[in-house]
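# Here is my input; please provide its structure:
(2 chains)
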Amino acid sequence: MAMATDVPKDGFRLSMLIYDTRYRSYTIQLVVLVLFALAVAWLLSNTVQNLAARGKEFNFGFLWQRAGYDIGQQLIPYTNDSTHFRALLVGLINTLVVAFFGCIFATILGVLIGVLRLSKNWLVSRLMTIYVEMFRNVPLLLWILLSYVILSETTPQPRDFRVTDEMAAAGKEPAAAMMLFDTVAVTNRGTNIPSPLFERGLGTLDLGFLSLNLTFWAIVAVIAGSVWVNRRILASARATQEATGVRPVTWWKSILVLFAPLIALLIALGFHLEIPELKGFNFAGGILVAHSFTALLIALTLYTAAFIAEIVRAGIMAVSRGQSEAAFALGLRPGRTMNLIILPQALRVIIPPLISQYLNLTKNTSLGIAVSYLDLRGTLGGITLNQTGRELECMLLMMLIYLTISLTISTLMNIYNKSVQLKAR
Amino acid sequence: MAIEFSRKDMLPPLPPPVSERGAVKWARENLFSTPLNIALTVLGVLVILWLVKSALPWWLNSVWNASSLSECRAIVEASAGAGATGACWAMLRVWWSGFIFGFYPSAEWWRPILSLGLLFAALSPALFAGQKRNLTIVIAGAALFLVVALYLAETPATAFVLSMVLILGLLALAQVAPAKLLWFTLIYPALMLWLLWGGSVWLPIVGMAGFGVLYFVFRLASPFIGLAPAAGLGVVAAALWWLYIDVPVVNQLQGLLPFGIPSIDSDEFGGFLLATVIGVTAITFSLPIGILLALGRQSDMLIVKTLSVGFIEFIRGVPLITLLFTASLLLQYFLPPGTNFDIILRVIILVTFFAAAYLAEVIRGGLAALPRGQYEAADALGLDYWRAQRLIILPQALKISIPAIVSTFIGLFKDTTLVGLIGLYEPLKGITQLVRADTNWKGIYWEPYIFVGVIFFVICFGMSRYSMYLERKLKTDHR
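Numbering: from 1, shown residues only, chains lettered A, B, ... in the order given. Here you go, the predicted structure:
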């Protein structure tokens, strides 16, 4: 009787490519590779034929032509005389700005709601459940459109803010008033917020291909320096504590280091806020934030916060009760239990899904097209594409950029995730 | 002498103090246990009061009968005084068919209705495998829905009778041989396509015959050349059938026996009909593709693994909207010159790929969560790869991933609204925009969004509750 472990010795036969598990995987991989190559070749040849039939060619030269359209929200200098590439950059920055603020606000709101949903208060936890279910089960597009419509149709016109002489004489209030100590005005044309100005700004450094706003980078440098010095102070305090058992008092040093240099710099630069004022039929001064940006930000924040709340709740519930009981048994106060025992363990569960929520939020900013927010999708994949007729190049470039953003965020977050991960042997 | 002063019977226990029982105790524990809790409760009550104060009059002043927004407002002001606000649901009287069917001709509404009713009948064997009682409930519910909806849609008598025969036949089949219902599930996609888009009756029949050809060739060839090559040969034969034989045969048969229903163009689709068609089709096809991709990503074969990872990461890295624009703008570049197929079909293909990539990651999580011993046990039993996957690995892995799979489906269904951005008339961006552009209803915004939002909420919430039911039902571990 042949043993099952017997290896056939009668040489290699062609049928072994299919029936012998040692070779079968090579056969399958070869077939898959050939099929894949054939499919790619087919798609490429179709594309070449189609491009030839339409008399188009495949190159990115159009990026350096004049764009010829205006973009409402521009954080780097841009006019309609700039190139399509410049428009792409403006769009990319707009995408990143919404994504950045969206992630921050959604995290704050989401953590708050997730914690409140776990609260022992019956009423509050029910309200939070309603919030979460309501926002999770309705499409994001609805929230974007709805907040845009509400912002642009229910807000007062700029002339409603006006106080005429007769009204002042009669002691009547205008139909609409500015908010936050008369610094912010929400009108149907946009939100007017104060703009930071510098009397003695440092000007810009022109490097030819890009110009640096020195004032901005000076502030960034000072903040980064302060944070670094503060970390050194905390590290030395910890070292002292390890060596002597007594932790030196550091809070006033921290406050001094963190805020004094920044305030000094702002005073030196002559920092002041320019508050929007009603002049004629519209507000002048300050910055006009378009409703498309505000609506997109509000909708993304509210929608993603519902998902983050669930993640936070699951993370906190994943830490077993024994952990907090053990901490109480050690005599730790509730605040320190939360900081030292619960949070570090909950974070390990929370962070991976949180990363994917950040990624989703970033990708969802592309829905800004529904309210004509000119992000990457609106500039490169919208107006530029329509003006130049280069669908293939624009779409490929846009997908590549989104892919790069996604992979960058997930890489950065994975590095952070590794640092809080359980160090297993 | 007996001791007389000792008590002979016990006193009944006193009731607990008022603060320790009933509603008072509950409120003390759940609403007012700490200062923070009291503050939260007060805040919660304030929020509720504010919501009620701002929304309740608006609801109570609802107007159901008016021909324009200005008329609505006049009615509200007349009944509730100047400055009062009220909902204007009268808009729905005019536009409800747009929200549900888009521009589908009203004489043909019975077709989408019948498709929906049959969808439940087709899904029931998959949702409640072998449970006769649940099957009967679902199909009887579908039949009831069909009777009412088809009557309301003023269905032609022939179509009405045929639909009733079909659904009652299915109901009878569920009683006699519930397992046979799966055959109906298999032919349902062709039936649905035909019902919705219309055309010759021979289209679905000859199309389904392609699968018959596949099976026939497979059975014929498998004894001689083995299972895998025979399956490949079958696929090739079926592809040849669909490419070269299908259309002439349909034309011939249509010439001989011209049966058919009017064809409907894709741009007449809209509203929730469109969202459901895209959602249901993409959900159905994304699950098998997702499973294959997940297995490919877990595979030992380097090339298969690389291709799967590349596909999954690419799709997950770009927003759905760029894929939809690919469907509407770019797909024509990748196909042979002159081909131009339906925009809804193109969208469905891209949405299916999108969902499949997300599902693959979800299922991969389930596969990774299975203990190693399960794989080893399957190997020890001598099962080959596909048997091990089908009998041991996938049933457990899929069970673990049910909640995540369903939430992917929910996300997919919500994402169908994005097709509005490439010019299709889905309920949100498409139809609502039309309503708001209508001169009679210019300036209306809460009502259409609430209407659409509530329908989406009901469907998505229902799906998540079903997944919870399924999770409980399939739970086999020790509690």
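
# count of neighbours near B:Phe457?
The criterion is other C-beta atoms under 10 Å in any protein chain shown. On that basis, B:Phe457 has 18 neighbouring residues. The C-beta positions use only the backbone N, C-alpha and C, and glycine is treated the same way.

# List the buried residues of stretch B:74-86.
Buried residues in stretch B:74-86, defined by neighbour count with 16 or more other C-beta atoms under 10 Å in any protein chain shown: B:Ile75, B:Val76, B:Gly86.

# I figured the second one hits B:Ala66, correct?
What that stands for is B:Val76. No - between B:Val76 and B:Ala66 there is no contact under C-beta atoms under 8 Å: 9.5 Å.

# follow-up on the earlier one: kindly reformat the buried residues of stretch B:74-86 as JSON lines containing distance to A:Gly389.
JSON lines is the format used below for these (distance: C-beta to C-beta, whole Å):
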{"residue": "B:Ile75", "distance to A:Gly389": "51"}
{"residue": "B:Val76", "distance to A:Gly389": "50"}
{"residue": "B:Gly86", "distance to A:Gly389": "49"}
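
# Nearest to chain A among these?
Minimum separation from chain A among the buried residues of stretch B:74-86 (C-beta to the nearest C-beta) is found for B:Gly86, which lies at 15.6 Å.

# For the closest one, give me the backbone phi and psi.
Phi and psi for B:Gly86, reported as degrees, to the nearest 10, are phi -160, psi 150.

# Ok, A:Lys279 next?
Comment: the main-chain dihedrals of A:Lys279 come out as phi -130, psi 110, following degrees, to the nearest 10.

# tally of neighbours for it?
There are 10 residues near A:Lys279, going by other C-beta under 10 Å.

# beta partners of it?
Taking DSSP bridges, one obtains A:Asn282 as the residues bridged to A:Lys279.

# Quickly note the distance from B:Leu127 to A:Val184.
In this structure, B:Leu127 and A:Val184 are 52 Å apart, going by C-beta to C-beta, to the nearest Å.

# Same check on B:Glu71?
In this structure, B:Glu71 lies at 37 Å from A:Val184, with C-beta to C-beta as the measure.

# And B:Lys475, by the same measure?
B:Lys475 sits 53 Å away from A:Val184 when distances are taken as C-beta to C-beta.

# okay, the two: which has more neighbours?
A:Val184 (16 against 10).

# Confirm for me that B:Pro189 is in contact with B:Val277.
No - taking contact to mean C-beta under 8 Å, the distance of 11.3 Å between B:Pro189 and B:Val277 leaves them out of contact.

# Please say which of those two ends up with more neighbours.
Relative neighbour count places B:Val277 above the other of B:Pro189 and B:Val277, with 22 against 17, counting by other C-beta under 10 Å.

# In the stretch 151-300 of chain A, which residue sits closest to chain B?
The shortest separation between the stretch 151-300 of chain A and chain B is 6.4 Å, found at A:Glu153 (distances taken as C-beta to the nearest C-beta).

# That residue and A:Asn188 touch, don't they?
Yes - the pair A:Glu153 and A:Asn188 passes the contact test of C-beta under 8 Å, sitting 7.1 Å apart.

# Checking A:Val186 next. Helix, strand or coil?
Secondary structure of A:Val186, reduced to three states by DSSP: H, G, I helix; E, B strand; the rest coil: strand.

# Let me know how buried B:Tyr104 is, in neighbour terms.
22.

# That one sits in which helix or strand?
When elements are assigned from DSSP states H and E, B:Tyr104 belongs to no helix and no strand.

# Excluding chain neighbours, what is closest to the residue most central in space within chain A?
Most central in chain A under C-alpha atoms, centre = their mean is A:Ala99, positioned 2.4 Å from the mean C-alpha point. Leaving out its chain neighbours, the residue that sits closest to A:Ala99 by C-beta to C-beta, 6 or more residues apart in numbering or on different chains is A:Thr362, at 4.3 Å.

# measure the one you found to B:Ala388 for me?
Counting by C-beta to C-beta, the gap between A:Thr362 and B:Ala388 amounts to 39 Å.

# which one of the two has more residues nearby?
A:Thr362 (23 against 18).

# Quickly find the element holding that one.
Under DSSP H and E, the secondary-structure element containing A:Thr362 is helix A:343-364.

# Mind listing what's buried along that helix?
Along helix A:343-364, the positions that meet the burial threshold by neighbour count (16+ other C-beta under 10 Å) are A:345-351, A:353-364.

# Can you tell me what sits against it?
A:95, A:99, A:102-103, A:106-107, A:140, A:300, A:303-304, A:307-308, A:311-312, A:314-316, A:318-319, A:323, A:402, A:405-406, A:409-410, A:413-414, A:416-417, A:420-422, B:318-320 (C-beta atoms under 8 Å, 6 or more residues apart in numbering or on different chains).
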